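# quick check, what structure comes out for this input:
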Amino acid sequence: MFTLIAENKCGEQLELTHSEAYVITNIDGIDPPEAVINSTRNAGADGSVFNSAYVDNRVITITLAINTPAELNRINLYKYFKSKQKVKLYYKNSTRNVCIEGYVQNIPINYFEKKQIAQIIIFCPNPFFNESIDKVTNFETVTSLFQFPFEIETPIPFSSIATNTETNVINSGDVETGMIITLRASGAVVNPAIYDVDTGEYFKINKAMAAGDVITINTKDKEKSITLLSAGVLSNIIGNIEYGSTWLKLRPGDNIMLITATTLPENLISSVSVINQYEGV
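This next block holds a predicted model:
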């Protein structure tokens with residue numbers, strides 16, 4: 001069993017499963033997308049030389065029967081699937097709860113058949129399914145210090161926060177993905193940096209941070225950015241990235257990330273937000 005919900009650009013949702021108005025007969029395009037392989041032929045040699053590969057766009061086709069009253073139910077579909085407009089699909093089964101965004105390419109319907117059948121064709125420029133909830137990994141550990149029974153004679157700490165410079169970030173998806181790294185300064189910090197311990201790649205920012213400053217780094221494909229929020233002013237600091245830095249990605253599985261700084265790294269309060277991605281459902 002599965003659940004499929006469509007959401008239009010206004011945030012209105014329509015469930016296509018468990019519905020008296022529609023019966024889904026087929027969904028095509030939810031398996032892993034096709035890869036495009038580029039290669040070069042060599043004269044006088046068998047086969048070819050691999051150059052590069054990429055995953056092509058995804059096209060999802062939803063085929064459904066329209067129940068009576070067919071005219072009202074058919075017109076209701078147009079509210080959620082408008083040609084060239086963005087639509088978001090939520091798909092949930094027993095193992096995965098994911099979503100994907102695309103644009104309505106076409107919605108052909110056989111109007112004059114006894115049982116009207118609609119085909120909803122959705123073009124998805126980003127071919128991967130995203131987990132519906134993002135996961136946040138904090139680089140701090142909170143330790144409880146409050147216990148019963150207690151007697152107040154001197155000030156008693158309820159808990160303490162230990163700043164970890166190194167932690168494990170888990171990518172539970174099956175696709176390498178970007179992330180959002182948030183660096184908050186509790187005091188002065190100079191030149192913060194993030195390292196992938198396994199690969200040695202790094203992302204360094206040549207910037208002094210004051211208490212309360214927040215740097216946000218987005219390494220997701222097609223969304224790459226780095227901003228500084230200081231004294232209520234948001235600014236683009238892409239020019240402060242040190243030469244040789246890499247827009248770090250998370251490989252499927254365990255990734256050991258190290259966050260440090262040239263000066264006072266203990267003043268950094270850090271977190272990593274990741275949305276797991278999947279090739280298919």
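
# surely residue 67 touches residue 24?
No. Counting by C-beta atoms under 8 Å, residue 24 is not a contact partner of residue 67; they are 11.8 Å apart. (Each C-beta comes from the backbone N, C-alpha and C, glycine too.)

# the bottom helix or strand of the chain by mean pLDDT?
When the helices and strands of the chain are scored by mean pLDDT, DSSP states H and E, strand 159-163 comes last with a mean of 45.

# what strands line up against the helix or strand following that strand, and which way round?
Using DSSP states H and E, the helix or strand that follows strand 159-163 in sequence is strand 166-171. According to DSSP bridges, strand 166-171 forms sheet pairs with strand 253-263 (antiparallel).

# what's the mean pLDDT across the next helix or strand after the strand it pairs with?
Remark: after strand 253-263, the chain's next helix or strand is strand 268-274, criterion DSSP H and E. For strand 268-274, mean pLDDT is 91.

# and strand 268-274, what's buried?
For strand 268-274, burial by neighbour count (16 or more other C-beta atoms under 10 Å) applies to 268-272, 274.

# how long is stretch 169-185 from one end to the other?
With C-alpha to C-alpha, to the nearest Å as the measure, stretch 169-185 spans 21 Å from end to end.

# list the buried residues for it?
169, 171, 173-175, 177-185.

# repeat that for stretch 56-71.
Neighbour-count burial for stretch 56-71 [16+ other C-beta under 10 Å]: 58-60, 62, 64-66, 70.

# gap between it and the chain center?
26 Å (C-alpha atoms, centre = their mean, to the nearest Å).

# do stretch 240-247 as well
With C-alpha atoms, centre = their mean, you get 22 Å for stretch 240-247.

# so what touches that stretch?
Applying C-beta atoms under 8 Å, 6 or more residues apart in numbering, the contact partners of stretch 240-247 are 178, 193, 201-207, 219, 224, 226.

# can you count the residues close to residue 258?
16 (other C-beta atoms under 10 Å).

# I'd like the distance between it and residue 101.
33 Å (C-beta to C-beta, to the nearest Å).

# check residue 55 too.
Taken as C-beta to C-beta, the span from residue 55 to residue 101 is 16 Å.

# over to residue 194?
In terms of C-beta to C-beta, residue 194 sits 28 Å off from residue 101.

# who's more crowded, those two?
Between residue 194 and residue 101, counting by other C-beta under 10 Å, residue 194 is the more crowded of the two (23 against 14).

# so who does the nearest residue to residue 274 once chain neighbours are set aside touch?
Once flanking residues are discounted, residue 274 sits nearest to residue 179: 4.6 Å by C-beta to C-beta, 6 or more residues apart in numbering. Listed by C-beta under 8 Å, 6+ apart, the contact set of residue 179 reads 169, 218-220, 248-250, 272-274.

# re the thing from before, any chance of the contacts of stretch 240-247 in JSON lines with secondary structure as columns?
What follows is the contacts of stretch 240-247, written out as JSON lines (DSSP: H, G, I helix; E, B strand; the rest coil):
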{"residue": "178", "secondary structure": "coil"}
{"residue": "193", "secondary structure": "strand"}
{"residue": "201", "secondary structure": "coil"}
{"residue": "202", "secondary structure": "strand"}
{"residue": "203", "secondary structure": "strand"}
{"residue": "204", "secondary structure": "strand"}
{"residue": "205", "secondary structure": "strand"}
{"residue": "206", "secondary structure": "coil"}
{"residue": "207", "secondary structure": "coil"}
{"residue": "219", "secondary structure": "coil"}
{"residue": "224", "secondary structure": "coil"}
{"residue": "226", "secondary structure": "strand"}
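
# need the max-distance pair from the residues you listed.
Spatially, the most separated pair among these is 178 and 206, at 21.7 Å (C-beta to C-beta).
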